[in-house]
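> sequence isn't available, so here's the structure alone:
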């Protein structure tokens, strides 16, 4: 998606080097309402995700989400302890079921284990 306004481009540039708070990005002289509106648009478009500085336990939530994966009311995400979620695509689903023979699979397994995904 292309964001053709200065506030969106400044927000993206501010996040390109790594996670920052909106207050840290606002130091670049973006009007607060423009920063918030563009952060919401970027989040709605799936281009950024909010996270927390602290970790939260997510194992119970992930167990509940996994129980629903095969059913009609599935929620294809895994909660991450940093306050966001990981979309479950076919590759992640295979990994969750123990199919991580490839090098890429091993890297995903390490990532999932690091984030407490069983």
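Good, I have the coordinates. Since the structure is predicted, the reported quantities are computational estimates derived from the model, not experimental observations.
> elements contacting the least confident helix or strand in the chain by mean pLDDT?
Least confident element among the helices and strands of the chain, by mean pLDDT, DSSP states H and E: helix 90-96 (a mean of 73). The contact analysis (3 or more Cβ pairs under 8 Å, 6 or more residues apart in numbering; DSSP states H and E) places helix 90-96 against helix 103-114. From N, CA and C alone the C-beta is placed, and that goes for glycine too.
> the helix it packs on: how far from the chain's middle?
16 Å (Cα atoms, centre = their mean, to the nearest Å).
> pLDDT on it, on average?
Averaged across helix 103-114, the pLDDT comes to 76.
> output the contacting helices and strands for it.
Checking 3+ Cβ pairs under 8 Å, 6+ apart, helix 103-114 ends up next to helix 90-96.
> which residues does the helix it packs on contact?
Applying Cβ atoms under 8 Å, 6 or more residues apart in numbering, the external contacts of helix 90-96 come out as 66, 69, 78, 86, 88, 100, 105, 108, 109, 112, 117.
> out of these, flag the one nearest to residue 5.
Nearest to residue 5 among the contacts of helix 90-96 is residue 86, at 29.1 Å by Cβ to Cβ.
> regarding the closest one, what is its secondary structure?
Under DSSP: H, G, I helix; E, B strand; the rest coil, the three-state class of residue 86 is strand.
> what number of residues lie near the nearest residue to it once chain neighbours are set aside?
Spatially, and ignoring its direct neighbours in sequence, residue 86 is nearest to residue 78 (4.7 Å; Cβ to Cβ, 6 or more residues apart in numbering). Other residues lying near residue 78 total 22 when counted by other Cβ atoms under 10 Å.
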